[in-house]
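1. Sharing a model that was predicted from the sequence below.
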Amino acid sequence: MKIDGTPYRSVWVDADGWSVRILDQTKLPWQLDILQLTEADQVAHAIRSMQVRGAPLIGAVAAYGVALALRADASTAALDRAVAMLGETRPTAINLRWALDRMRARLHNLPEGDRVAAAYAEAQAIADDDAETCRRIGLNGLPLLQEIAARKPGETVNVLTHCNAGWLATVDYGTALSPIYQAHDAGIPVHVWVDETRPRNQGAALTAFELGKHGVRHTVIADNAGGHLMQHAEVDICITGTDRVTRQGDVANKIGTYLKALAARDNGIPFWVATPHSTIDWRVGDGVAEIPIEERAEAEVTDLTGRTADGRLETIRVAAEGSPAANPAFDVTPARLVTGLITERGRCEASAAGLRGLYPEAG
Ligand SMILES: CSC[C@@H](O)[C@@H](O)C(=O)COP(=O)(O)O
């Protein structure tokens with residue numbers, strides 16, 4: 001996708017042919033900082049500190065992290081160490097484990113001398129696969145927005161989304177935002193309600209930035225506003241991304257997604273979740289019981305970061321001094337509240353049967 005006319009992916013290999021470039025997402029939308037990663041430790045830090053975030057993107061960046069580790073030491077022990085170290089950076093998004101398992105499977109049995117080139121090729125394949133997958137998710141989600149537009153000709157199609165599941169969260173195009181970009185490009189008058197997504201404000205900062213750069217009409221709302229807007233017919237459809245879909249169709253996503261799904265159900269509004277194949281965890285059934293939920297630092301809740309009028313980035317405390325905070329970063333929306341899943345293979349019911357129908361070869 002583009003920023004001010006320049007095309008970007010959210011991760012790429014530098015012109016030097018080996019170092020890895022990312023956009024520092026802790027600085028967006030205020031500064032466009034491109035970081036250069038040269039060691040696996042830096043990749044782990046980038047994922048942990050959320051310089052890169054979003055389930056598909058952390059998988060792809062971790063894959064490049066393995067390549068960087070092997071460049072320093074191509075032994076099997078180093079491969080295993082890198083996979084273990086990178087795999088511990090964030091617990092909820094299954095794409096991380098999916099990408100690292102794929103890297104290990106590809107590289108483990110190769111002679112040491114062949115591993116570095118093969119690691120870069122595999123990481124590139126993961127990144128390219130993600131971009132194409134997300135493009136297809138857009139194509140497969142587009143009819144949902146076209147149907148709404150056909151029901152109310154000339155009127156705005158209002159979509160509500162949570163967190164950032166756009167191109168910044170993937171390698172390109174995004175998941176939840178991909179159908180929205182397709183619809184906008186096709187001339188559908190789409191408008192997006194952007195949940196601010198406390199505590200880290202990925203909606204207000206990243207989704208709003210992306211949509212603005214693409215010229216998509218949008219409005220940032222407090223997380224608590226969605227239910228009210230739904231009650232007053234201001235939302236036609238909710239579309240979110242996900243960090244892990246279970247084989248029975250439960251969906252983990254950014255904290256607060258579950259509450260939006262409940263409000264959508266109460267108001268008869270379709271609640272769709274866009275997911276690439278790499279986000280489906282066939283080993284897990286009951287998402288509420290089994291998906292590990294990341295607990296992040298209290299400071300993300302007690303403090304806020306933003307830009308001052310004179311252009312400085314500043315973090316201030318908004319919670320009462322001394323009050324403790326809890327920060328579960330994700331929640332699980334049970335399949336019964338999900339209208340359906342949008343995948344690169346098409347759309348399906350959020351259920352074991354629905355997923356099996358699209359992925360008959362799975363586990
Ligand atoms: C296509 S991204 C899907 C999810 O990863 C996204 O909705 C989300 O919850 C991201 O959380 P984050 O904590 O910013 O990594």
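-> Received the coordinates, thanks.

2. Let me see the domain layout of this structure.
-> 2-129, 140-358 (automatic domain parsing).

3. Just put the ones you listed in TSV and tack on mean pLDDT.
-> Formatted as TSV, the domains of the chain follow (pLDDT from 0 to 100):
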stretch	mean pLDDT
domain 2-129	98
domain 140-358	98
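
4. Make a markdown table from these and add mean neighbour count to it.
-> C-beta coordinates here come from the backbone N, C-alpha and C atoms, glycine included. Listed next are the domains of the chain as a markdown table, based on neighbours: other CB atoms under 10 Å:
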| stretch | mean neighbour count |
| --- | --- |
| domain 2-129 | 19 |
| domain 140-358 | 20 |
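
5. Can you add distance to the ligand and give those domains back as JSON lines?
-> Formatted as JSON lines, these follow (distance: least, CB to the nearest ligand atom, whole Å):
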{"stretch": "domain 2-129", "distance to the ligand": "3"}
{"stretch": "domain 140-358", "distance to the ligand": "3"}
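
6. For the protein, which segments count as helices?
-> Ranges of helices in the chain, per DSSP state H, are 40-48, 55-72, 76-87, 94-107, 112-151, 177-185, 202, 208-214, 226-231, 257-266, 287-290, 299-302, 352-358.

7. Export these as JSON lines, with columns for distance to residue 334.
-> Output for the helices of the chain, formatted as JSON lines (distance: least, CB to CB, whole Å):
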{"stretch": "helix 40-48", "distance to residue 334": "28"}
{"stretch": "helix 55-72", "distance to residue 334": "19"}
{"stretch": "helix 76-87", "distance to residue 334": "27"}
{"stretch": "helix 94-107", "distance to residue 334": "17"}
{"stretch": "helix 112-151", "distance to residue 334": "21"}
{"stretch": "helix 177-185", "distance to residue 334": "23"}
{"stretch": "helix 202", "distance to residue 334": "23"}
{"stretch": "helix 208-214", "distance to residue 334": "29"}
{"stretch": "helix 226-231", "distance to residue 334": "18"}
{"stretch": "helix 257-266", "distance to residue 334": "8"}
{"stretch": "helix 287-290", "distance to residue 334": "7"}
{"stretch": "helix 299-302", "distance to residue 334": "25"}
{"stretch": "helix 352-358", "distance to residue 334": "13"}
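
8. Out of those, which gets nearest to residue 345?
-> Using CB to CB as the measure, helix 352-358 is the one of those that comes nearest residue 345, at 4.6 Å.

9. now that closest one, how far from the centre of its chain.
-> Put simply, helix 352-358 sits 22 Å off its chain's centre (CA atoms, centre = their mean, to the nearest Å).

10. ditto for stretch 8-18
-> Computed by CA atoms, centre = their mean, the chain-centroid distance of stretch 8-18 equals 20 Å.

11. Now that stretch - C-alpha only, CSV.
-> Extracted in CSV, the C-alpha atoms of stretch 8-18 (Å, rounded to 0.1, in the frame of the first residue of the first chain):
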residue,chain,number,x,y,z
TYR,A,8,5.5,0.2,1.1
ARG,A,9,5.2,-3.3,2.5
SER,A,10,5.4,-3.4,6.3
VAL,A,11,8.6,-5.6,6.2
TRP,A,12,11.2,-6.0,3.4
VAL,A,13,14.8,-6.9,2.8
ASP,A,14,17.1,-3.9,2.3
ALA,A,15,19.0,-3.2,-0.9
ASP,A,16,22.1,-4.7,0.8
GLY,A,17,20.3,-8.1,0.3
TRP,A,18,20.3,-9.2,3.9
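
12. Identify all contacting residues around it.
-> For stretch 8-18, contacts defined as CB atoms under 8 Å, 6 or more residues apart in numbering pick out 1-2, 19-23, 36, 52, 54, 57, 60-61, 64, 67-68, 71, 120, 124, 127, 131, 167-172.

13. and with 7 Å instead?
-> With contacts defined as CB atoms under 7 Å, 6 or more residues apart in numbering, stretch 8-18 is touched by 1-2, 20-23, 36, 52, 57, 60-61, 64, 71, 127, 131, 167-168, 170-172.

14. ditto for stretch 223-230
-> Under CB under 7 Å, 6+ apart, the answer for stretch 223-230 is 160, 193, 195-198, 235, 256, 260, 263-264, 267, 269.

15. Can you lay out those residues as TSV showing distance to residue 362?
-> Converted to TSV, the contacts of stretch 223-230 look like this (distance: CB to CB, whole Å):
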residue	distance to residue 362
160	30
193	34
195	31
196	36
197	30
198	35
235	33
256	29
260	28
263	32
264	28
267	33
269	30
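
16. tell me which of those is nearest to residue 319?
-> Set against residue 319, the nearest of the contacts of stretch 223-230 by CB to CB is residue 198 (11.7 Å).
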